[in-house]
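**Student:** Coordinates for the following, if possible.
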Amino acid sequence: MHIEQITPELTHRLRRDVLYPRQKLFEMELEEDGDGMHFGAFKDNKLAAVVSLFQKEEDFQFRKLAVEPRVQKMGVGTGLLNYITDYAAANGGKRIWCNARNTAFGFYLKAGFKLTGQQFSRNGFDYEIMEKMIS
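**Tutor:** All right, here's what the predicted structure looks like:
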């Protein structure tokens, strides 16, 4: 597996296929995409996971972490999450956080993230803000 920075457009198909299969591809663009960094994990020369990372001072928020179903539970998502955490730390980050779907809590807890108690629902999904201090 290798990880590299990619264009926002390259995140759209996996975002849709994994996270929002009922939506159209053009609906995957985020208004903030131009302000973020986007990373892809490649396995066997195929895009296997994507994530978008946004910095606001010492805080880094990641959004739309999506892993191709055929490689889930093979360390690809964990590798990508570790990569962006290291990237945030190397760029002055003190905290990395996300709006985690309740179905992903276990994944983030294993990676050292903590539940904050800040819960909300959006578009039929339940979320909680999860965070990890990185310095």
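**Student:** which residues are contacting the lengthiest strand in the chain?
**Tutor:** Looking across the chain with DSSP state E, the single longest strand is strand 46-56. Strand 46-56 has contacts (Cβ atoms under 8 Å, 6 or more residues apart in numbering) with 1, 6, 8, 10-11, 14-15, 30, 32-33, 35-42, 60-68, 70-71, 76-77, 80-81, 84, 87-88, 91, 93. Glycine gets a C-beta too; all of them are placed from N, C-alpha and C.
**Student:** try 7 Å
**Tutor:** Residues from elsewhere that reach strand 46-56 (Cβ atoms under 7 Å, 6 or more residues apart in numbering): 10-11, 14-15, 30, 32-33, 35-42, 60-68, 71, 76-77, 80, 84, 87, 91.
**Student:** pLDDT (mean, whole number) over the helix or strand containing residue 65?
**Tutor:** Using DSSP states H and E, residue 65 maps to strand 59-67. Computed over strand 59-67, the mean pLDDT rounds to 97.
**Student:** All further residue positions should be reported with the first residue as 10.
**Tutor:** All right, first residue 10 from here; so that's strand 68-76.
**Student:** Tell me the helices and strands packed up against that strand.
**Tutor:** Here strand 68-76 touches strand 55-65, helix 85-99, strand 104-110, going by 3 or more Cβ pairs under 7 Å, 6 or more residues apart in numbering; DSSP states H and E.
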